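Asker: take this sequence and fold it.
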Amino acid sequence: MMSNNGGMLDKIFHLKAHGTDVKTELMAGITTFMTMAYILAVNPSILSAAGMDKGAVLTATALASIVGTLLMAALANYPFALAPGMGLNAYFAYTVVLQMGYSWQMALAAVFTEGIIFIILSVTNVRQAIFDAIPLNLKHAVSVGIGLFIALIGLFNAQVIVANPATKISLFSFKQSLLTGSFHTTGITVVLALLGIIFTSVLMVKKVRGNILWGILFTWILGMICESTGLYIPDPSKMAFSVFPNLSAGIAAFTPASLAPVFLHVDFTKFFTFDFLIVVFAFLFVDLFDTLGTLIGVATKADMLDKDGKLPNIKGALLADAVATSTGALLGTSTTTTFVESASGVSEGGRTGLTSVFVALLFALSLFLSPIFLAIPAFATAPALVIVGFLMVTSIIKIDFSDYTEAIPAYMAMIAMPFCYSISEGISFGVISYAIINLLSGKSSKVSPLMYVLAIIFLCKYVFL
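Answerer: Next up is the predicted model:
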């Protein structure tokens, strides 16, 4: 029976042609899901600040992830997972709703409109043209930059790196945590994250299959042991939560929350106002280049780009992303986009849409097992992000550093992503510097007209937005 199923799956997803098998795709799917499961807890928390029902947003988050990820599998056969994106959800809640004063219903309408525009751009090949216009060296740089970016996210999530008024950011101070008595709440989680990084690294050296997933589980289990013995003391006020699933509600804890409070709550009454267009454009701009950056970075790491640096089936991938955005808005969540954490599954060998199908199935399961998935702590997924960051940074050896007109823009793209905490800003810095440096160096002929157009658009964004 397994053999027959394997044969059928091979026909659908072309597993052998991509050098993979069902077991590898399953492991990759589990790993990707584990590294992005935090969105099930974080997205409702952020959007609830805008006045949205937390339980309903959790259900919407899972459903939007299922729809988007299955679309990616069906339309592109790529191992990429989708979910409501970080950054865009913060812009949705804190800027559009709390700062600009719009209702969350209007913000959902803006996200829906952005998705429709994306669908048009995807069908007319505009997004694909932008992807193809970016030079190969810059694509490798995007992969490296994303690696640095997600490693930084992992270190921040685990509080290995923290905010510091004097130096902006700094390493976590164990001495300070001991003096303030907070070691058992924050300090111990830093220790656990560092142990997780070391454990995962050793498994990689030993070539143990599923090393990233085992690293997550190892760190999580250590957290449970520490909480049981009093070494780790949760304190929600410090964003330190229990690592054990909350089953206090009994069977009700495993019942998905109603979608009704947010489903189809889109408000188009401000549709023809200038401010509405500005909000739509902001969502559109960030989502467009975050998605392109993620596709470039993850596809580069998976060796999916052809000899010309183009991604086959990119039209299907972009269309899946666009449709998922509008669908997610109707379900009741902020922009649904391709997740950079997909790189963790790719690093485990995921190469086809079957990986995405397994991720979608786990999101479906999470609707009924949300207490378990919500219990995965940030310090347990941090090692995965740091290690995947390392794997993506290895693309740096593919960049031609002998040609400064290629190397300097690549460098600008790489450093901008972690320093600006944004994939889209990294692409922006890279495109602008590439166009200007080559133009002033007398090498304008090697820059495509679309690259110049993009550079002008990016410059206008900094001037007028």
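Asker: how far is the helix or strand containing A416 from where the chain is centred?
Answerer: Using DSSP states H and E, A416 maps to helix 404-420. Using Cα atoms, centre = their mean, to the nearest Å, the distance from the centre of helix 404-420 to the centre of the chain it belongs to is 20 Å.
Asker: same check, this time on stretch 274-292
Answerer: Its chain's C-alpha centre lies 17 Å from the corresponding centre of stretch 274-292 when counted by Cα atoms, centre = their mean.
Asker: pretty sure A257 is touching A56, no?
Answerer: Yes - using Cβ atoms under 8 Å, A257 and A56 qualify as a contacting pair, with a distance of 5.7 Å. Where C-beta positions appear, they are placed from N, C-alpha and C, glycine not excepted.
Asker: more crowded one of the two?
Answerer: Neighbours were counted for A257 and for A56 using other Cβ atoms under 10 Å; A56 has more, 24 against 19.
Asker: mind listing what's buried in the strand or helix carrying that one?
Answerer: Taking DSSP H and E as the definition, A56 sits inside helix 54-76. Using 16 or more other Cβ atoms under 10 Å as the burial criterion, the residues of helix 54-76 that qualify are 55-73, 75-76.
Asker: please list all residues in contact with the closest residue to P261 other than its chain neighbours.
Answerer: When the adjacent residues along the chain are set aside, P261 lies closest to D53, with 3.8 Å between them (Cβ to Cβ, 6 or more residues apart in numbering). Contacts of D53 were listed using Cβ atoms under 8 Å, 6 or more residues apart in numbering, and they are A257, P261, V262.
Asker: quick one: contacts for W104?
Answerer: L47, A50, G51, M52, F92, A93, V97, H265 are the contacts of W104 under Cβ under 8 Å, 6+ apart.
Asker: cool, and V357?
Answerer: Contacts for V357 were tallied using Cβ under 8 Å, 6+ apart; they are G29, T69, L70, A73.
Asker: next, the angle helix 54-76 makes with the helix or strand containing it.
Answerer: Mapping V357 onto the secondary structure by DSSP H and E places it in helix 353-366. Angle, helix 353-366 to helix 54-76, by axes from the mean of the first three to the mean of the last three Cα atoms, to 10 degrees: 160 degrees.
Asker: buried residues in helix 353-366?
Answerer: G353, L354, T355, S356, V357, F358, V359, A360, L361, L362, F363, S366.
Asker: what does stretch 254-265 give?
Answerer: Judged by neighbour count (16+ other Cβ under 10 Å), stretch 254-265 contains these buried residues: A257, L259, P261, V262, H265.
Asker: can you tell me which of those residues is closest to I423?
Answerer: Taking Cβ to Cβ as the measure, I423 sits nearest to V262 out of the buried residues of stretch 254-265, at 27.0 Å.
Asker: ok, the closest one - contacts?
Answerer: For V262, the set of contacting residues under the criterion of Cβ under 8 Å, 6+ apart consists of M52, D53, A56, V57, A60, L108, L331, G332, T333.
Asker: possible to save those as CSV with pLDDT and distance to M34?
Answerer: CSV is the format used below for the contacts of V262 (pLDDT from 0 to 100; distance: Cβ to Cβ, whole Å):
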residue, pLDDT, distance to M34
M52, 92, 26
D53, 90, 26
A56, 90, 24
V57, 91, 21
A60, 95, 21
L108, 95, 29
L331, 96, 23
G332, 95, 25
T333, 95, 21
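Asker: pick the one among the residues you listed closest to K139.
Answerer: T333 (29.8 Å).
Asker: which residues touch the closest one?
Answerer: T333 makes contact with N43, L47, V57, A60, T61, A64, P84, N89, V262 under the criterion Cβ under 8 Å, 6+ apart.
Asker: kindly report the same for N125.
Answerer: When contacts are counted by Cβ under 8 Å, 6+ apart, N125 touches K315.
Asker: ok, 10 Å please
Answerer: Going by Cβ atoms under 10 Å, 6 or more residues apart in numbering, N125 touches F131, D132, I314, K315, L318.
Asker: L264 now?
Answerer: Going by Cβ under 10 Å, 6+ apart, L264 touches Q105, L108, A329, L330, L331, G332.
Asker: could you do S444 as well?
Answerer: Applying Cβ under 10 Å, 6+ apart, the residues near S444 are A435, N438, Y452.
Asker: roughly how far apart are it and N438?
Answerer: 6 Å (Cβ to Cβ, to the nearest Å).
Asker: touching both of these two, which residues are there?
Answerer: Jointly contacting S444 and N438 under the rule Cβ under 10 Å, 6+ apart are Y452.
Asker: dump the buried residues of stretch 254-265 to a markdown table, plus distance to L121, secondary structure and pLDDT.
Answerer: Rendered in a markdown table, the data for the buried residues of stretch 254-265 read as follows (distance: Cβ to Cβ, whole Å; DSSP: H, G, I helix; E, B strand; the rest coil; pLDDT from 0 to 100):
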| residue | distance to L121 | secondary structure | pLDDT |
| --- | --- | --- | --- |
| A257 | 34 | coil | 83 |
| L259 | 29 | coil | 93 |
| P261 | 32 | coil | 95 |
| V262 | 27 | coil | 95 |
| H265 | 26 | coil | 92 |
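Asker: from the residues you listed, which is closest to T229?
Answerer: Using Cβ to Cβ, the buried residues of stretch 254-265 come closest to T229 at A257, 33.3 Å.
Asker: so which other helices or strands are in contact with the helix holding A416?
Answerer: Contacting helix 404-420 under the criterion 3 or more Cβ pairs under 10 Å, 6 or more residues apart in numbering; DSSP states H and E are the following elements: helix 136-157, helix 274-301, helix 423-440.
Asker: which among the ones you listed is found nearest to C226?
Answerer: Nearest to C226, of all the helices and strands packed on helix 404-420, is helix 136-157, at 17.3 Å by Cβ to Cβ.
Asker: related to what we said a few turns ago, name the nearest of the buried residues of stretch 254-265 relative to T180.
Answerer: Using Cβ to Cβ as the measure, the one of those that approaches T180 most closely is A257, at 37.0 Å.
Asker: not counting sequence-adjacent ones, nearest residue to the closest one?
Answerer: Of all residues beyond its chain neighbours, the one nearest A257 is G55 (3.0 Å), with distances taken as Cβ to Cβ, 6+ apart.
Asker: strands of the stretch 151-300 of the chain, residue ranges please.
Answerer: According to DSSP state E, counting those that start in this stretch, the stretch 151-300 of the chain carries its strands in the segments 161-164, 168-171.
Asker: and those, which is most packed in?
Answerer: When the strands of the stretch 151-300 of the chain are scored by mean count of other Cβ atoms under 10 Å, the highest mean neighbour count falls to strand 161-164 (a mean of 14).
Asker: what is the orientation angle of the strand or helix carrying A380 with helix 404-420?
Answerer: Assessed by DSSP H and E, A380 sits inside helix 378-393. On the basis of the same axes, to 10 degrees, helix 378-393 is oriented at 180 degrees to helix 404-420.
Asker: kind regards, and thank you for your time.
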